[in-house]
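1. using only what follows, build the 3D model:
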Amino acid sequence: MITENQDYNLYHGFFEHFSKAGIAGVSPSDPLLLELDKFMEMNNQLFYISDVILMDILYVSKSITTMFGIEPEKVTQGFFITTTHPEDFNRHHLARTNLVSMADELYILKKGQRITSLNVRARKPDGSYFNALYQANLFYSKAPYESVFLILVLTDISQVDYIHKSSHFYCGDDSRMFRFPDDTLLMEGNIFTPTEFEIIKLIDQGLSTNEIAEKVFRSPYTINTHRTNIIKKSGKSTIADVIRHLKDKGLL
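-> Numbering: from 1, shown residues only. Below you'll find the model as predicted:
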């Protein structure tokens, strides 16, 4: 019996099962694929597999048609970032850039695995947006040939209310983070509101309190209140420490 809380071994199983044929000849009636389709339909998910080094898409699940209104064979590299809400674009672009860098690192090392995930708003076929969780599992493999492969799982998490108040982000090598999203996973990452995060970015750019106030249409008093709240929320001593921590996490 499939439950939404199980890990993502089904996705790894798919890759291992079909990698012998170079992820070719995937039959819609294959028991493993039928099980995956059922799992994804139940959890509002899609997945795709790509070769990050060669920038080659190897497989896209049919559920992408329901979620994005595009046929699997028409998906190209960079498709997902083109559907990202303008306010979330920079975060998504940064995560994508980091992913490519991590793939290059794994290829040089000839071993290893990295997990990275974030939430952004993604555009539906009707032009509205839903809250999407992107979970990427990068790993070096010699099968079906030597490269760094990506298993990307996208989940519609629109039903999770609190995620709108902060931004989830994870980047590391803990394979336990590649699992169906629960409260613990989704609270990992950026704890700041969009306004607080925007102020942090402007501080990092060297803007003064008065300049930030003019740019975000708030009073200097309000900006200073945000600065105080940011430091309290982060547990850091200074804004500089907050910025350094966010950069170390790949959030800024």
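
2. who does residue 115 form a beta bridge with?
-> Assessed by DSSP bridges, residue 115 has beta-bridge partners residue 137, residue 172.

3. wait, what's in contact with residue 110?
-> Neighbouring residues of residue 110 by CB atoms under 8 Å, 6 or more residues apart in numbering: residue 140. Backbone N, C-alpha and C define where each C-beta goes, glycine included.

4. quick check on it: phi, psi?
-> With angles defined as degrees, to the nearest 10, residue 110 sits at phi 60, psi 30.

5. could you do residue 55 as well?
-> Note on residue 55: backbone dihedrals following degrees, to the nearest 10 are phi 50, psi 50.

6. is the closest residue in space to it that isn't next to it in sequence in a helix, a strand, or coil?
-> Nearest residue to residue 55, sequence neighbours excluded (CB to CB, 6 or more residues apart in numbering): residue 77, at 5.4 Å. Classification of residue 77 using DSSP: H, G, I helix; E, B strand; the rest coil returns coil.

7. can we start the residue count at 12 from this point?
-> New numbering, starting at 12: the last item is residue 88.

8. just to check, residue 88 is in contact with residue 68?
-> Yes: applying CB atoms under 8 Å, one finds residue 88 in contact with residue 68, separated by 6.7 Å.

9. got any residues that touch both of these two?
-> Joint contacts of residue 88 and residue 68 (CB under 8 Å, 6+ apart) are residue 61.

10. who has more neighbours, these two?
-> Using other CB atoms under 10 Å, the more surrounded residue of residue 88 and residue 68 is residue 68, with 18 against 11.

11. could you look up the SS state of that one?
-> Classified using three-state DSSP, residue 68 is strand.

12. got the contact list for it?
-> Applying CB under 8 Å, 6+ apart, we find residue 68 in contact with 59, 60, 61, 86, 87, 88.

13. now list the buried members of the residues you listed.
-> With neighbours counted by 16 or more other CB atoms under 10 Å, those contain buried members at 59, 60, 61, 86.

14. show me which of the contacts of residue 68 is closest to residue 145.
-> Nearest to residue 145 among the contacts of residue 68 is residue 59, at 10.7 Å by CB to CB.

15. pLDDT added to the buried ones among the contacts of residue 68, as TSV?
-> Formatted as TSV, the buried ones among the contacts of residue 68 follow (pLDDT from 0 to 100):
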residue	pLDDT
59	93
60	95
61	95
86	96
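
16. which two of those residues have the greatest separation?
-> Greatest spatial distance in those: 60 and 86, 11.5 Å, computed using CB to CB.

17. so where do the strands sit in the stretch 12-161 of the chain?
-> 56-62, 67-71, 124-134, 140-152, 158-167 (DSSP state E, counting those that start in this stretch).

18. who are the packing partners of the third one?
-> Looking back up the chat, that one is strand 124-134. helix 100-120, strand 140-152, strand 178-183 (3 or more CB pairs under 8 Å, 6 or more residues apart in numbering; DSSP states H and E).

19. quick one: buried residues of stretch 156-165?
-> For stretch 156-165, by 16+ other CB under 10 Å, it's 158, 159, 160, 161, 162, 163, 164, 165.
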